[in-house]
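Chemist: 3D model of this:
(one chain, ligands or ions: 4)
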Amino acid sequence: AKQEGKSRIGHVGACPEKAPFARQAHIRRRIPTAVGDSALSLQYQPVLDLATGEDAGVEALVRWVDREIGPVAPGEFIPVAEQTGEILRIGAWVLDRACAQSRAWIDAGTPRKIAVNVSPVQLASGTLPAVVRAALDRHGVPPRMLELEITEGTAIADVRSAASQLRGLIDLGLGVALDDYGSAYSSLAMLRVLPLTTLKIDKAFIKDIDVEPHSAAIVQGLIQTLNGMGVRVTAEGVERESQLDTLRHLGCDTAQGYWISPPMAPSDLDRVHKLENTL
Ligand code: C2E
Ligand code: MG
Ligand code: MG
Ligand code: MG
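Modeler: Ligands and ions are numbered 1, 2, ... in the order given. Model (predicted):
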(Lines give C-alpha, C1' and ligand atoms only; values in the text may rest on other atoms or scores of the structure.)
(Ligands and ions follow the chains in the order given, each with its own letter.)
Protein backbone atom coordinates (compact mmCIF):
# COMPACT_ATOMS: atom_id res chain seq x y z
CA ALA A 1 0.00 0.00 0.00
CA LYS A 2 2.91 2.28 0.85
CA GLN A 3 4.38 1.64 -2.57
CA GLU A 4 1.10 2.53 -4.27
CA GLY A 5 0.74 5.80 -2.33
CA LYS A 6 4.15 6.83 -3.52
CA SER A 7 3.48 6.08 -7.16
CA ARG A 8 0.19 7.98 -7.12
CA ILE A 9 1.95 11.11 -5.95
CA GLY A 10 4.52 10.50 -8.64
CA HIS A 11 1.78 10.58 -11.26
CA VAL A 12 0.36 13.95 -10.22
CA GLY A 13 2.25 15.77 -12.95
CA ALA A 14 0.92 13.53 -15.68
CA CYS A 15 -2.70 13.55 -14.46
CA PRO A 16 -3.57 16.87 -12.85
CA GLU A 17 -7.24 15.92 -12.50
CA LYS A 18 -6.49 12.57 -10.84
CA ALA A 19 -6.24 11.76 -7.14
CA PRO A 20 -7.40 14.88 -5.27
CA PHE A 21 -5.45 13.81 -2.19
CA ALA A 22 -2.18 13.55 -4.08
CA ARG A 23 -2.89 16.87 -5.77
CA GLN A 24 -3.46 18.50 -2.38
CA ALA A 25 -0.21 17.06 -1.05
CA HIS A 26 1.61 18.27 -4.15
CA ILE A 27 0.20 21.79 -3.77
CA ARG A 28 1.17 21.89 -0.10
CA ARG A 29 4.71 20.80 -0.97
CA ARG A 30 5.12 23.17 -3.91
CA ILE A 31 3.72 26.37 -2.35
CA PRO A 32 7.03 27.29 -0.66
CA THR A 33 8.77 27.26 -4.06
CA ALA A 34 6.07 29.24 -5.90
CA VAL A 35 7.32 32.72 -4.99
CA GLY A 36 10.98 31.92 -5.66
CA ASP A 37 10.30 30.10 -8.94
CA SER A 38 8.46 33.16 -10.29
CA ALA A 39 5.53 30.81 -10.89
CA LEU A 40 3.16 33.46 -9.52
CA SER A 41 1.74 36.38 -11.46
CA LEU A 42 -1.00 38.95 -11.03
CA GLN A 43 -4.00 39.62 -13.22
CA TYR A 44 -6.09 42.76 -12.91
CA GLN A 45 -9.88 43.04 -13.17
CA PRO A 46 -11.31 46.50 -13.95
CA VAL A 47 -13.83 48.13 -11.60
CA LEU A 48 -16.50 50.35 -13.18
CA ASP A 49 -17.81 53.57 -11.61
CA LEU A 50 -21.57 53.29 -12.16
CA ALA A 51 -22.31 57.01 -11.77
CA THR A 52 -19.75 58.23 -14.32
CA GLY A 53 -19.18 55.13 -16.46
CA GLU A 54 -15.47 55.64 -15.88
CA ASP A 55 -12.70 53.35 -14.76
CA ALA A 56 -12.63 53.17 -10.93
CA GLY A 57 -9.45 51.08 -10.73
CA VAL A 58 -8.60 47.38 -10.76
CA GLU A 59 -8.46 44.38 -8.42
CA ALA A 60 -5.24 42.34 -8.38
CA LEU A 61 -5.83 38.57 -8.47
CA VAL A 62 -2.97 36.13 -7.98
CA ARG A 63 -2.30 33.36 -10.51
CA TRP A 64 -0.09 30.29 -10.02
CA VAL A 65 1.11 28.00 -12.78
CA ASP A 66 2.99 25.08 -11.26
CA ARG A 67 5.60 23.55 -13.57
CA GLU A 68 4.24 20.04 -12.98
CA ILE A 69 0.47 20.34 -12.58
CA GLY A 70 -0.16 23.63 -14.41
CA PRO A 71 -2.60 26.33 -13.26
CA VAL A 72 -3.83 26.14 -9.67
CA ALA A 73 -6.74 28.46 -8.79
CA PRO A 74 -6.34 30.80 -5.79
CA GLY A 75 -9.48 29.26 -4.32
CA GLU A 76 -7.50 26.02 -4.15
CA PHE A 77 -4.07 27.15 -2.92
CA ILE A 78 -4.78 30.24 -0.78
CA PRO A 79 -6.54 28.17 1.95
CA VAL A 80 -3.56 25.79 1.98
CA ALA A 81 -1.11 28.70 2.17
CA GLU A 82 -3.15 30.09 5.07
CA GLN A 83 -2.80 26.79 6.91
CA THR A 84 0.96 26.50 6.34
CA GLY A 85 1.71 30.18 6.95
CA GLU A 86 3.17 30.62 3.43
CA ILE A 87 0.43 33.20 2.83
CA LEU A 88 2.68 35.74 4.60
CA ARG A 89 5.36 35.43 1.89
CA ILE A 90 2.80 35.24 -0.92
CA GLY A 91 0.91 38.22 0.50
CA ALA A 92 4.08 40.32 0.73
CA TRP A 93 4.96 39.33 -2.84
CA VAL A 94 1.49 40.34 -4.09
CA LEU A 95 1.74 43.73 -2.35
CA ASP A 96 5.20 44.36 -3.78
CA ARG A 97 4.18 43.45 -7.35
CA ALA A 98 0.95 45.48 -7.15
CA CYS A 99 2.91 48.54 -6.02
CA ALA A 100 5.46 48.01 -8.83
CA GLN A 101 2.55 47.89 -11.32
CA SER A 102 0.99 50.97 -9.74
CA ARG A 103 4.29 52.83 -10.21
CA ALA A 104 4.48 51.69 -13.85
CA TRP A 105 0.94 52.96 -14.53
CA ILE A 106 1.67 56.27 -12.80
CA ASP A 107 4.81 56.69 -14.92
CA ALA A 108 2.86 55.83 -18.10
CA GLY A 109 0.33 58.57 -17.31
CA THR A 110 -2.49 56.07 -16.69
CA PRO A 111 -2.68 55.86 -12.88
CA ARG A 112 -5.08 53.20 -11.59
CA LYS A 113 -6.16 52.51 -8.06
CA ILE A 114 -5.32 48.87 -7.21
CA ALA A 115 -7.22 46.69 -4.75
CA VAL A 116 -5.19 43.84 -3.21
CA ASN A 117 -6.70 40.85 -1.41
CA VAL A 118 -5.38 40.35 2.10
CA SER A 119 -5.84 37.25 4.24
CA PRO A 120 -6.95 37.43 7.89
CA VAL A 121 -3.76 35.44 8.57
CA GLN A 122 -1.74 38.48 7.43
CA LEU A 123 -3.72 40.62 9.87
CA ALA A 124 -3.27 38.07 12.66
CA SER A 125 0.52 38.18 12.17
CA GLY A 126 0.52 41.87 13.10
CA THR A 127 3.00 42.60 10.31
CA LEU A 128 0.54 43.87 7.68
CA PRO A 129 0.91 47.64 8.28
CA ALA A 130 4.72 47.44 8.06
CA VAL A 131 4.65 45.21 4.97
CA VAL A 132 2.19 47.56 3.25
CA ARG A 133 4.19 50.69 4.10
CA ALA A 134 7.42 49.06 2.90
CA ALA A 135 5.87 48.12 -0.46
CA LEU A 136 4.47 51.64 -0.97
CA ASP A 137 7.82 53.24 -0.04
CA ARG A 138 9.88 50.85 -2.17
CA HIS A 139 7.99 51.93 -5.30
CA GLY A 140 7.08 55.49 -4.33
CA VAL A 141 3.34 54.85 -4.53
CA PRO A 142 0.92 57.24 -2.73
CA PRO A 143 -1.23 55.33 -0.17
CA ARG A 144 -4.48 56.52 -1.79
CA MET A 145 -3.64 54.40 -4.87
CA LEU A 146 -3.95 51.19 -2.81
CA GLU A 147 -6.97 49.44 -1.30
CA LEU A 148 -6.87 46.30 0.85
CA GLU A 149 -9.67 43.71 0.55
CA ILE A 150 -10.25 41.59 3.60
CA THR A 151 -12.07 38.26 3.21
CA GLU A 152 -13.46 36.41 6.16
CA GLY A 153 -12.79 32.97 4.67
CA THR A 154 -10.71 32.42 7.77
CA ALA A 155 -12.19 33.87 10.92
CA ILE A 156 -10.60 37.09 12.17
CA ALA A 157 -9.44 35.89 15.56
CA ASP A 158 -8.44 39.15 17.25
CA VAL A 159 -10.95 41.65 15.91
CA ARG A 160 -9.68 44.54 18.04
CA SER A 161 -6.13 44.12 16.78
CA ALA A 162 -7.37 43.81 13.18
CA ALA A 163 -9.50 46.94 13.58
CA SER A 164 -6.64 49.03 14.97
CA GLN A 165 -4.22 47.94 12.20
CA LEU A 166 -6.82 48.78 9.54
CA ARG A 167 -7.58 52.13 11.21
CA GLY A 168 -3.89 53.02 11.01
CA LEU A 169 -3.80 52.16 7.31
CA ILE A 170 -6.97 54.18 6.58
CA ASP A 171 -5.40 57.13 8.42
CA LEU A 172 -2.41 56.79 6.06
CA GLY A 173 -4.82 57.21 3.13
CA LEU A 174 -5.39 53.61 2.04
CA GLY A 175 -8.81 52.16 1.26
CA VAL A 176 -10.06 49.14 3.20
CA ALA A 177 -12.78 46.90 1.76
CA LEU A 178 -14.70 44.03 3.32
CA ASP A 179 -14.80 41.37 0.55
CA ASP A 180 -17.51 38.82 -0.29
CA TYR A 181 -20.12 40.40 1.96
CA GLY A 182 -23.19 38.18 2.14
CA SER A 183 -21.25 34.95 1.49
CA ALA A 184 -21.24 32.12 3.99
CA TYR A 185 -18.49 33.54 6.16
CA SER A 186 -19.01 37.28 6.33
CA SER A 187 -20.95 38.61 9.26
CA LEU A 188 -22.90 41.65 10.27
CA ALA A 189 -20.63 41.91 13.32
CA MET A 190 -17.61 42.68 11.09
CA LEU A 191 -19.50 45.58 9.56
CA ARG A 192 -19.89 47.09 12.99
CA VAL A 193 -16.35 46.69 14.29
CA LEU A 194 -14.01 46.95 11.29
CA PRO A 195 -13.17 50.42 9.94
CA LEU A 196 -14.09 50.31 6.23
CA THR A 197 -14.11 52.56 3.20
CA THR A 198 -15.75 50.01 0.86
CA LEU A 199 -18.07 47.02 1.11
CA LYS A 200 -18.03 44.44 -1.69
CA ILE A 201 -21.29 42.53 -2.06
CA ASP A 202 -20.69 38.87 -2.88
CA LYS A 203 -21.69 37.57 -6.28
CA ALA A 204 -24.25 35.24 -4.68
CA PHE A 205 -26.35 38.32 -3.91
CA ILE A 206 -25.88 39.85 -7.35
CA LYS A 207 -26.76 36.64 -9.22
CA ASP A 208 -30.56 37.16 -9.30
CA ILE A 209 -30.71 40.88 -8.66
CA ASP A 210 -32.37 41.62 -12.00
CA VAL A 211 -35.10 38.95 -11.64
CA GLU A 212 -35.59 38.53 -7.90
CA PRO A 213 -37.24 41.47 -6.07
CA HIS A 214 -36.01 40.24 -2.67
CA SER A 215 -32.38 40.25 -3.83
CA ALA A 216 -32.78 43.77 -5.19
CA ALA A 217 -34.44 44.93 -1.97
CA ILE A 218 -31.62 43.52 0.19
CA VAL A 219 -28.94 45.12 -1.96
CA GLN A 220 -30.81 48.43 -2.03
CA GLY A 221 -31.02 48.39 1.78
CA LEU A 222 -27.31 47.59 2.05
CA ILE A 223 -26.39 50.44 -0.27
CA GLN A 224 -28.51 52.94 1.68
CA THR A 225 -27.16 51.77 5.04
CA LEU A 226 -23.53 51.71 3.93
CA ASN A 227 -23.63 54.98 2.03
CA GLY A 228 -25.21 56.49 5.14
CA MET A 229 -22.13 55.33 7.08
CA GLY A 230 -19.85 56.90 4.46
CA VAL A 231 -18.90 53.51 3.00
CA ARG A 232 -18.90 52.91 -0.75
CA VAL A 233 -20.51 49.76 -2.18
CA THR A 234 -19.11 47.54 -4.96
CA ALA A 235 -21.09 44.74 -6.61
CA GLU A 236 -19.15 41.59 -7.59
CA GLY A 237 -19.92 39.04 -10.30
CA VAL A 238 -21.89 41.15 -12.78
CA GLU A 239 -22.41 38.83 -15.74
CA ARG A 240 -25.39 40.45 -17.56
CA GLU A 241 -26.32 43.92 -18.73
CA SER A 242 -29.64 43.74 -16.82
CA GLN A 243 -27.74 43.22 -13.54
CA LEU A 244 -25.68 46.31 -14.27
CA ASP A 245 -28.81 48.35 -15.08
CA THR A 246 -30.45 47.26 -11.82
CA LEU A 247 -27.35 48.15 -9.79
CA ARG A 248 -27.14 51.57 -11.40
CA HIS A 249 -30.83 52.13 -10.65
CA LEU A 250 -30.26 51.11 -6.98
CA GLY A 251 -27.47 53.64 -6.64
CA CYS A 252 -24.59 51.17 -6.30
CA ASP A 253 -21.23 52.98 -6.50
CA THR A 254 -19.04 50.54 -8.45
CA ALA A 255 -19.24 47.10 -10.10
CA GLN A 256 -17.03 44.27 -11.29
CA GLY A 257 -17.70 41.16 -13.33
CA TYR A 258 -17.23 39.29 -16.59
CA TRP A 259 -19.85 41.51 -18.28
CA ILE A 260 -17.61 44.52 -17.64
CA SER A 261 -14.27 42.74 -18.05
CA PRO A 262 -12.54 39.51 -16.97
CA PRO A 263 -9.26 39.71 -15.05
CA MET A 264 -6.44 40.49 -17.52
CA ALA A 265 -2.67 40.71 -17.75
CA PRO A 266 -1.45 44.34 -17.51
CA SER A 267 -0.38 44.41 -21.18
CA ASP A 268 -3.91 43.41 -22.31
CA LEU A 269 -5.45 45.98 -19.99
CA ASP A 270 -3.27 48.70 -21.50
CA ARG A 271 -4.16 47.59 -25.04
CA VAL A 272 -7.91 47.72 -24.31
CA HIS A 273 -7.46 51.14 -22.68
CA LYS A 274 -5.64 52.51 -25.73
CA LEU A 275 -8.30 51.10 -28.04
CA GLU A 276 -11.10 52.73 -26.04
CA ASN A 277 -9.33 56.08 -26.14
CA THR A 278 -8.94 56.03 -29.90
CA LEU A 279 -12.60 55.13 -30.57
P1 C2E B 1 -12.40 37.63 -4.71
O2 C2E B 1 -11.41 38.54 -4.07
O3 C2E B 1 -13.83 37.76 -4.30
O4 C2E B 1 -12.21 37.81 -6.27
C5 C2E B 1 -13.25 37.69 -7.20
C6 C2E B 1 -13.23 36.35 -7.89
O7 C2E B 1 -14.37 36.26 -8.75
C8 C2E B 1 -12.02 36.14 -8.77
O9 C2E B 1 -11.74 34.74 -8.80
C10 C2E B 1 -12.54 36.59 -10.14
O11 C2E B 1 -11.82 36.04 -11.23
C12 C2E B 1 -13.94 36.06 -10.09
N13 C2E B 1 -14.87 36.81 -10.95
C14 C2E B 1 -14.75 38.04 -11.47
N15 C2E B 1 -15.84 38.40 -12.18
C16 C2E B 1 -16.70 37.37 -12.10
C17 C2E B 1 -18.01 37.13 -12.63
O18 C2E B 1 -18.64 37.95 -13.31
N19 C2E B 1 -18.60 35.92 -12.33
C20 C2E B 1 -17.97 34.98 -11.57
N21 C2E B 1 -18.60 33.83 -11.33
N22 C2E B 1 -16.71 35.17 -11.06
C23 C2E B 1 -16.10 36.35 -11.31
P24 C2E B 1 -10.25 34.21 -8.56
O25 C2E B 1 -9.28 35.06 -9.27
O26 C2E B 1 -10.30 32.75 -8.86
O27 C2E B 1 -10.02 34.42 -7.01
C28 C2E B 1 -10.77 33.71 -6.06
C29 C2E B 1 -10.49 34.23 -4.68
O30 C2E B 1 -9.15 33.95 -4.27
C31 C2E B 1 -10.64 35.73 -4.54
O32 C2E B 1 -11.99 36.08 -4.42
C33 C2E B 1 -9.84 35.99 -3.28
O34 C2E B 1 -10.61 35.72 -2.14
C35 C2E B 1 -8.74 34.96 -3.40
N36 C2E B 1 -7.52 35.62 -3.92
C37 C2E B 1 -7.18 35.95 -5.18
N38 C2E B 1 -5.99 36.57 -5.22
C39 C2E B 1 -5.57 36.67 -3.94
C40 C2E B 1 -4.40 37.24 -3.29
O41 C2E B 1 -3.51 37.82 -3.94
N42 C2E B 1 -4.33 37.13 -1.93
C43 C2E B 1 -5.33 36.52 -1.21
N44 C2E B 1 -5.18 36.46 0.13
N45 C2E B 1 -6.42 35.99 -1.76
C46 C2E B 1 -6.54 36.07 -3.11
MG1 MG C 1 -11.37 40.46 -3.65
MG1 MG D 1 -14.98 39.01 -3.52
MG1 MG E 1 -14.24 35.53 -3.26
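
Chemist: state the distance from residue 166 to residue 159.
Modeler: Counting by CB to CB, to the nearest Å, the gap from residue 166 to residue 159 is 10 Å. Every residue, glycine included, has its C-beta placed from N, CA and C.

Chemist: find the residues that touch each one of those two.
Modeler: residue 194 (CB atoms under 8 Å, 6 or more residues apart in numbering).

Chemist: mind jotting down where the strands sit in the protein?
Modeler: Ranges of strands within the chain are 40-49, 55-66, 70-72, 114-118, 146-150, 175-181, 198-201, 232-235, 254-255, based on DSSP state E.

Chemist: around ligand 2, pick out the residues from the stretch 51-200 of the chain.
Modeler: 117, 149, 179 (CB under 5 Å from the ion).

Chemist: with respect to ligand 1, which of the residues you listed is nearest?
Modeler: Top of the list for closeness to ligand 1, among these and by CB to the nearest ligand atom, is residue 117 at 3.7 Å.

Chemist: show me what contacts the closest one?
Modeler: 59, 60, 61, 62, 94, 149, 151, 179.

Chemist: tell me which of residue 166 and residue 159 has more neighbours.
Modeler: Each of residue 166 and residue 159 has its neighbours counted (other CB atoms under 10 Å); residue 166 has more, 23 against 16.

Chemist: residue boundaries of the helices in the stretch 1-150 of the chain?
Modeler: Listed from the start of the chain, the stretch 1-150 of the chain has helices (DSSP state H, counting those that start in this stretch) covering 2-10, 20-34, 74-84, 87-107, 120-125, 128-139.

Chemist: circling back to that earlier point, now tabulate the strands of the chain in TSV and tack on distance to residue 130.
Modeler: As requested, the strands of the chain are exported to TSV (distance: least, CB to CB, whole Å):
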stretch	distance to residue 130
strand 40-49	21
strand 55-66	20
strand 70-72	29
strand 114-118	13
strand 146-150	14
strand 175-181	16
strand 198-201	23
strand 232-235	27
strand 254-255	29
